[in-house]
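A.B. asks: Based on what follows, work out the 3D shape:
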Amino acid sequence: MPEHPDQPTSDHDSQNRGAAAAGASQPAWPGAFTAAPAHAPTRGQLRAGLVAVLLLTLAALWTLREFLPALGWAVVFAVSLWPWYAGLRGRWPRHSRALLPAMVTLLIVLAFVVPLAVVVVGIAHDSTALLQWWEQARQQGISPPALLHHLPASDQLTAWWQANLGTPDAIGQFSHRATGARGGLPIATGRKLLAEVVRRLLLVAFMLLALFFLLRDGEAVAEGLRIGSRRAFGPAGEHVGRQIVQAIRGTVNGLLVVGFGEGVILGVAYGVAGVPHPALFGLLTGLLSAVPFGAVLAYAAAAGLLAAGGDIGAAVAIAVLGSVVVFVADHFVRPVLIGGATRLPFVWVLLGILGGIEAWGLLGLVLGPALMAALMLLWREWVGAQPGPLNPAPAPDKV
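C.D. replies: Residues are numbered from 1 along each chain as shown. Here you go, the predicted model:
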């Protein structure tokens, strides 16, 4: 309340009240209230502000450390699905706040979580069968496979197999060497296993919740990040941010989606051909397909198991089908989905995937190639291989 009510208000106060009234009636949008400060901060204030921002960021990351992988996967899914989701929003704008994000989140559950749950159930069933086979092997031993007699030096290989795996005493010694003095297989207790399952389910639920809000408020989040990167780093920061987004989208579409398809197709083929533990081999094929030529190792191992069991025809069929699927995926489907988003040489893709998994876990499967693509973009601009904020195109000569 002013001390002198009769004194007229200034134009600046009127503008502030008008802006406050407009802000009260309309939602705030990133950049709507950006203005130059009235007084430039001193150097000490700038340093103190940077230290405070750094401490707040570290505290926030420490608080969310257990949920950062789930939040990262939510960002990855939101970035990869955004072009398709933007088309849905343009067609049904009235449902963009609740129905559309909920529907897309439900589709993610049906497309990824449900098949993964089926694979987990299959792996659990296969693990039970594997434990039963191991218990039988400990009591009776493992007889040498028929393929071993047709290999070079078959007599020596058969003798080694019989001495190390062919009798119950040999199996017991092998188990003792593999597991140490504890004996038996290192199986986690039921309580720890149940706690780990509950923890994973909570992380998946948090990821889906974060994905819902990212899809609902994606435009505001993207605009805020664009303005923040431009104000902090200039046009180069915004340009690198766009490259990272394109690299994440291309990596998800070209590696994860294609790998998921390869795992499903070859997993069904494994089950039909009679490969032992087809769910486990299908999951292994899907994971290794993200690495260039990684799926070849998976279906070659499956074909080798069939050949070791004497089913040569099924082994040849798996090898041929696997080669066709991998060839079509790597030479036709994956280049169309990735396009020119990453434009990384083979060695950098491989290093980005392997190094990303080592540094960030499974999330590094996407973050590794995205970081390599951003660094490659900066390098190409710096050496003049392509135009950009670090290497602007020369202005045309004025006539």
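A.B. asks: Determine the next helix or strand in the C-terminal direction from the worst-scoring helix or strand of the chain on mean pLDDT.
C.D. replies: Across the helices and strands of the chain, mean confidence by mean pLDDT, DSSP states H and E is lowest for helix 11-25: a mean of 49. Going down the chain from helix 11-25, the next helix or strand is helix 43-63, by DSSP states H and E.
A.B. asks: Do a quick rundown of the strands in the stretch 101-250 of the chain.
C.D. replies: Ranges of strands within the stretch 101-250 of the chain: none, based on DSSP state E, counting those that start in this stretch.
A.B. asks: And the helices in it, which stretches?
C.D. replies: Under the criterion DSSP state H, counting those that start in this stretch, helices of the stretch 101-250 of the chain are mapped to 114-140, 154-164, 168-179, 190-216, 218-233, 235-251.
A.B. asks: Least reliable of these by average pLDDT, please.
C.D. replies: Lowest mean pLDDT within the helices of the stretch 101-250 of the chain: helix 168-179, a mean of 58.
A.B. asks: excluding its backbone neighbours, what's nearest residue 109?
C.D. replies: Leaving aside its chain neighbours, residue 109 sits nearest to residue 208 (6.7 Å; criterion: CB to CB, 6 or more residues apart in numbering). The C-beta positions use only the backbone N, C-alpha and C, and glycine is treated the same way.
A.B. asks: what's the spacing between the one you found and residue 368?
C.D. replies: In this view, residue 208 and residue 368 are 24 Å apart by CB to CB, to the nearest Å.
A.B. asks: Which one's more surrounded, these two?
C.D. replies: Taking neighbours as other CB atoms under 10 Å, residue 208 and residue 368 compare with residue 368 leading, 24 against 19.
A.B. asks: For that one, which non-adjacent residue is closest in space?
C.D. replies: Distances taken as CB to CB, 6+ apart place residue 356 nearest to residue 368, at 2.1 Å, with adjacent residues excluded.
A.B. asks: Same check on residue 359?
C.D. replies: Nearest to residue 359 is residue 368, by CB to CB, 6+ apart, at 7.6 Å.
A.B. asks: swap in residue 105?
C.D. replies: Nearest residue to residue 105, sequence neighbours excluded (CB to CB, 6+ apart): residue 212, at 4.9 Å.
A.B. asks: Isn't the one you found up against residue 100?
C.D. replies: No: Residue 212 is beyond contact range of residue 100, at 10.1 Å (criterion: CB atoms under 8 Å).
A.B. asks: related to what we said a few turns ago, so the residue nearest to residue 368, which of the three states?
C.D. replies: helix (DSSP: H, G, I helix; E, B strand; the rest coil).
A.B. asks: who's in contact with it?
C.D. replies: Taking CB atoms under 8 Å, 6 or more residues apart in numbering as the contact definition, residue 356 lies against 363, 364, 365, 366, 367, 368, 369, 371.
A.B. asks: relative to helix 218-233, how tilted is the helix or strand hosting residue 82?
C.D. replies: Taking DSSP H and E as the definition, residue 82 sits inside helix 68-91. Orientation of helix 68-91 against helix 218-233 (axes from the mean of the first three to the mean of the last three CA atoms, to 10 degrees) gives an angle of 120 degrees.
A.B. asks: Using the record's assignment, carve the chain into domains.
C.D. replies: According to automatic domain parsing, the chain comprises the domains 65-216, 234-387.
A.B. asks: Tell me the confidence at residue 55?
C.D. replies: In the prediction, the pLDDT value recorded for residue 55 is 92.
A.B. asks: Look up how far residue 333 lies from it.
C.D. replies: Counting by CB to CB - residue 55 and residue 333 are separated by 47 Å.
A.B. asks: So between those two, which is more surrounded?
C.D. replies: Higher neighbour count among residue 55 and residue 333: residue 333, with 17 against 10, using other CB under 10 Å.
A.B. asks: in terms of contact, does the more buried one touch residue 255 like I think?
C.D. replies: No: contact criterion CB under 8 Å: residue 333 and residue 255 do not qualify, at 11.3 Å.
A.B. asks: Which other helices and strands does the helix or strand hosting residue 280 contact?
C.D. replies: According to DSSP H and E, residue 280 maps onto helix 278-288. Judged by 3 or more CB pairs under 8 Å, 6 or more residues apart in numbering; DSSP states H and E, helix 278-288 is in contact with helix 114-140, helix 258-273, helix 294-308.
A.B. asks: Can you give me the buried ones in the last one?
C.D. replies: What that stands for is helix 294-308. Within helix 294-308, the residues scored as buried using 16 or more other CB atoms under 10 Å are 294, 295, 296, 298, 299, 302, 303, 305, 306, 307.
A.B. asks: next structured bit after that helix?
C.D. replies: Next in sequence after helix 294-308, counting helices and strands by DSSP H and E, comes helix 312-328.
A.B. asks: Outside of that next one itself, list whatever touches it.
C.D. replies: Helix 312-328 has contacts (CB under 8 Å, 6+ apart) with 262, 265-266, 269-270, 273-275, 289, 293, 295-296, 298-300, 302-304, 306-307.
A.B. asks: quick one, that helix and helix 294-308 angle?
C.D. replies: Using the same axes, to 10 degrees: helix 312-328 against helix 294-308 is 170 degrees.
A.B. asks: re the thing from before, just the C-alpha atoms of the helix holding residue 82, please, in CSV.
C.D. replies: Presented in CSV, the C-alpha positions along helix 68-91 are these (Å, rounded to 0.1, in the frame of the first residue of the first chain):
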residue,chain,number,x,y,z
LEU,A,68,18.2,-41.0,-12.5
PRO,A,69,18.3,-44.1,-14.7
ALA,A,70,14.5,-44.2,-14.8
LEU,A,71,14.3,-40.5,-15.5
GLY,A,72,16.9,-40.9,-18.2
TRP,A,73,14.9,-43.7,-19.9
ALA,A,74,11.8,-41.4,-19.7
VAL,A,75,13.7,-38.7,-21.5
VAL,A,76,15.0,-41.1,-24.1
PHE,A,77,11.4,-42.4,-24.8
ALA,A,78,10.0,-38.9,-24.9
VAL,A,79,12.6,-37.7,-27.3
SER,A,80,12.3,-40.7,-29.7
LEU,A,81,8.5,-40.6,-29.7
TRP,A,82,8.0,-36.9,-29.9
PRO,A,83,7.6,-36.5,-33.7
TRP,A,84,4.9,-39.1,-33.8
TYR,A,85,3.3,-37.7,-30.6
ALA,A,86,3.3,-34.2,-32.0
GLY,A,87,1.3,-35.4,-35.0
LEU,A,88,-1.3,-36.9,-32.5
ARG,A,89,-1.4,-33.6,-30.7
GLY,A,90,-2.0,-31.7,-33.9
ARG,A,91,-4.9,-34.0,-34.7
